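1. Provided below for reference: sequence and predicted model.
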Amino acid sequence: MTAPPVVRAAGCVVWRLGSRETEVLLVHRPRHGDWSFPKGKLDSGETATTAAVREVLEETGLGIGLGPRLPDQHYTLPDNQPKVVQYWAAQAPEGADIGDYQANEEIDGLAWAPVSEAPRELSYPHDVKLLDAFTVSGFDSNPLLIVRHAQALSRKTWRGDDADRPLRADGQAQARRLEPLLRAYAVSRVVSSDAARCVETVLPYVDDSGSELRLSTALSQDATDPVGLRAEVLRALNSKHLMAMCSHRPVLPAIFAAAGVEPIGLAPGEVVVLHRKNGKVVDLEQH
């Protein structure tokens, strides 16, 4: 007998700073009569990061950017179909107001609950366990995305200056797939090596989002200034902006070393998200 396919979903523990303590946003589903966190199934071809942001917007009306990854939830539906829900922490926009939320058949109520009181409001033990993980996570950190440029033309076949070597067709497709990931983390500033292959990797997102783009020779593969590279990384670690940095495979170990984390191997177009607080990396995840 063929095993039933896994139902995949994504969601967020949305939080804000309350008057006394951190508060989390709960949603009420009339169909189930329960209080839970906003979540929903992935659309066909959709990534979990994109789905998590979309579901929060659809169920609460809040546009958010993702924070640190939280533990997955695994359970079995009544028809014995397995389900996995991927979760992230996500800070509510400053001044976000849920007072104008329009109740509907899917979600008919929203409520902010202090983290000390939320366990009594949540309907399921697995959500209480998720809340426990949230409270000990670096939920109040900011993401810094470290991007390896997408697949470029071969150095052997390129006749021009190496700094001008562009992306291949499949690399251009990787750059387009990178766009929704940067959007999910609400990246507002991008720092890139000045090499064409790095710029072309982040340009689809920059053009679409209007984010600030700054080119840095310190991130270039041909740069010979380790002091400048370290200064660039430390500047990013201490920034309050939601940022991405795009560089080259040979430069990545120095970037990770400057950030105080072990080197992580990335394929072309892959990303490591460093969640930073007070200039220190408190969590990370790879995409």
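-> That came through fine.
2. what about the strands in the stretch 51-200 of the chain?
-> For the stretch 51-200 of the chain, applying DSSP state E, counting those that start in this stretch gives strands covering 69-76, 82-91, 109-114, 142-148, 189-193.
3. show me where this structure has helices.
-> For the chain, the helices defined by DSSP state H occupy 48-60, 118-121, 125-135, 169-184, 196-209, 226-238, 252-259.
4. Please work out which residues outside stretch 151-171 touch it.
-> 149-150, 174-175, 194-197, 200-201, 220-222, 268-269 (C-beta atoms under 8 Å, 6 or more residues apart in numbering). For every residue, glycine as well, the C-beta is placed using N, CA and C.
5. What is the most widely separated pair among these?
-> Taking C-beta to C-beta, the two most distant members of the contacts of stretch 151-171 are 174 and 222; they sit 22.4 Å apart.
6. what about residue 257, distance to residue 248?
-> 15 Å (C-beta to C-beta, to the nearest Å).
7. how does the chain divide into domains?
-> Structural domains assigned to the chain are 7-135, 142-286, following automatic domain parsing.
8. Mean pLDDT and mean neighbour count added to those, as a markdown table?
-> Below are the domains of the chain laid out as a markdown table (pLDDT from 0 to 100; neighbours: other C-beta atoms under 10 Å):
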| stretch | mean pLDDT | mean neighbour count |
| --- | --- | --- |
| domain 7-135 | 94 | 17 |
| domain 142-286 | 96 | 18 |
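9. Looking at the contacts of stretch 151-171, which is nearest residue 62?
-> Distances from residue 62 to the contacts of stretch 151-171, taken as C-beta to C-beta, are shortest for residue 175 (28.5 Å).
10. List the residues that contact that closest one.
-> By C-beta under 8 Å, 6+ apart, residue 175 lies in contact with 150, 167, 200, 201, 202, 203, 204, 269.
11. ok, so of those residues, who is nearest residue 139?
-> residue 202 (26.7 Å).
12. Not counting sequence-adjacent ones, nearest residue to residue 92?
-> Excluding its sequence neighbours, the residue lying closest to residue 92 (C-beta to C-beta, 6 or more residues apart in numbering) is residue 16, at 4.4 Å.
13. now that neighbour: how far from residue 114?
-> Going from residue 16 to residue 114 by C-beta to C-beta gives 11 Å.
14. Please name the bridge partners of the residue nearest to residue 146 when sequence neighbours are not counted.
-> Spatial nearest neighbour of residue 146, chain neighbours left out: residue 272 (4.7 Å); criterion: C-beta to C-beta, 6+ apart. With DSSP bridges as the criterion, residue 272 is bridged to residue 146, residue 286.
15. thinking residue 31 is in contact with residue 106, fair?
-> Yes - using C-beta atoms under 8 Å, residue 31 makes contact with residue 106 at a distance of 7.4 Å.
16. Start and end of stretch 158-174, how far apart?
-> Chord length of stretch 158-174, first to last residue, is 20 Å (C-alpha to C-alpha, to the nearest Å).
17. I meant to write stretch 136-144 there.
-> End-to-end distance of stretch 136-144: 20 Å, with C-alpha to C-alpha as the criterion.
18. That's all I had, so thanks and see you.
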